[in-house]
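> Requesting a structural model of the entry that follows:
(chains A and B)
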Amino acid sequence: DQQVKQNSPSLSVQEGRISILNCDYTNSMFDYFLWYKKYPAEGPTFLISISSIKDKNEDGRFTVFLNKSAKHLSLHIVPSQPGDSAVYFCAASGGLADKLIFGTGTRLQVFP
Amino acid sequence: DAGVTQSPTHLIKTRGQQVTLRCSPKSGHDTVSWYQQALGQGPQFIFQYYEEEERQRGNFPDRFSGHQFPNYSSELNVNALLLGDSALYLCASSLGQTAHEQYFGPGTRLTVT
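Below you'll find the model as predicted:
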């Protein structure tokens, strides 16, 4: 039972354009959502998070949008840079002290 | 300021054997969580240790056990290894059981033959 789904295994974007990574979830009890970035041979790195009481959170080039009615969140990266090329994982939890449930990841490639 | 460290980096074991993986949390952190990441999948939560006790557990059999020491470091033990246990094992540390902003180590790649 995949509670957090990332249906696009890969995404290719030109440098300077917007990257949009999508994530869907099924458990309505989730109230905290996070994005992690993972480079090869490294552990995932926390990128940005959002609480279910918000519908948008922004940090520099990264913005996460949450649509609770659709159980959908997305990560926007503007402008995309070659250094953004990595695997991005969406994760959800039932609260700050709850375990993280990860999606399967989306591999982003930003080309010049 | 050292981040999360894990040892060993790589490990090859035979089916039926036992393995112990080690993790040192980021300085100042007191909570350690362990995840298993199979090829092409996202990390799956195994368990979390806080104040030397297992506080939460995912859907993993009892063959998977752990321990947290007074200095907050942790071990993951897997008994009776199966071929399906081959994966990247990630350790993450945080402060006070918070799920968000967990800091991950580079992982231990376990291969069971």
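> Pull the number of nearby residues for B:Gly58.
17 (other Cβ atoms under 10 Å in any protein chain shown). For every residue, glycine as well, the C-beta is placed using N, CA and C.
> Please tell me how far it sits from A:Leu66.
Note on B:Gly58: its distance to A:Leu66, by Cβ to Cβ, to the nearest Å, is 24 Å.
> Name all residues that make contact with B:Ser7.
B:Leu21, B:Arg22, B:Thr108 (Cβ atoms under 8 Å, 6 or more residues apart in numbering or on different chains).
> My read is that the second one contacts B:Asn77, right?
No - B:Arg22 is beyond contact range of B:Asn77, at 10.3 Å (criterion: Cβ atoms under 8 Å).
> picking up where we left off before, wait, which of the contacts of B:Ser7 is closest to chain A?
B:Thr108 (10.6 Å; Cβ to the nearest Cβ).
> tally of neighbours for the closest one?
Count around B:Thr108 with other Cβ under 10 Å applied: 21.
> Spatially nearest residue to A:Ala41 (excluding sequence neighbours)?
Setting aside the residues directly before and after it, A:Ala41 is nearest to B:Pro106 in space (Cβ to Cβ, 6 or more residues apart in numbering or on different chains), at 6.5 Å.
> What does the pLDDT read for the one you found?
Among the per-residue scores, B:Pro106 holds a pLDDT of 95.
> Could you export the contacts of B:Ser7 as JSON lines, including secondary structure and distance to chain A?
Output for these, formatted as JSON lines (DSSP: H, G, I helix; E, B strand; the rest coil; distance: Cβ to the nearest Cβ, whole Å):
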{"residue": "B:Leu21", "secondary structure": "strand", "distance to chain A": "13"}
{"residue": "B:Arg22", "secondary structure": "strand", "distance to chain A": "15"}
{"residue": "B:Thr108", "secondary structure": "strand", "distance to chain A": "11"}
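> List the beta-bridge partners for A:Leu73.
Going by DSSP bridges, A:Leu73 is paired in beta bridges with A:Cys23, A:Leu66.
> if we can go back for a sec, who has more neighbours, B:Arg22 and B:Asn77?
Neighbour count, other Cβ under 10 Å: between B:Arg22 and B:Asn77, B:Arg22 has more, with 16 against 13.
> Let me see the contact set for that one.
B:Gln6, B:Ser7, B:Ser73, B:Ser74, B:Glu75, B:Leu76.
> Using CSV, write out every CA atom in stretch A:47-56.
Extracted in CSV, the C-alpha atoms of stretch A:47-56 (Å, rounded to 0.1, in the frame of the first residue of the first chain):
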residue,chain,number,x,y,z
LEU,A,47,15.0,20.8,1.3
ILE,A,48,11.7,22.3,2.4
SER,A,49,8.6,21.4,4.3
ILE,A,50,5.0,22.4,4.7
SER,A,51,2.3,22.0,7.3
SER,A,52,-1.2,21.1,6.4
ILE,A,53,-2.4,24.4,7.8
LYS,A,54,-0.7,26.1,4.9
ASP,A,55,-1.0,25.8,1.1
LYS,A,56,2.3,27.3,0.1
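> For that stretch, buried residues please.
A:Leu47, A:Ile48, A:Ser49, A:Ile50, A:Ser52 (16 or more other Cβ atoms under 10 Å in any protein chain shown).
> is it anywhere near chain B?
Yes - shown here: stretch A:47-56 in contact with chain B (Cβ under 8 Å from any Cβ of the partner chain) through A:Ser49.
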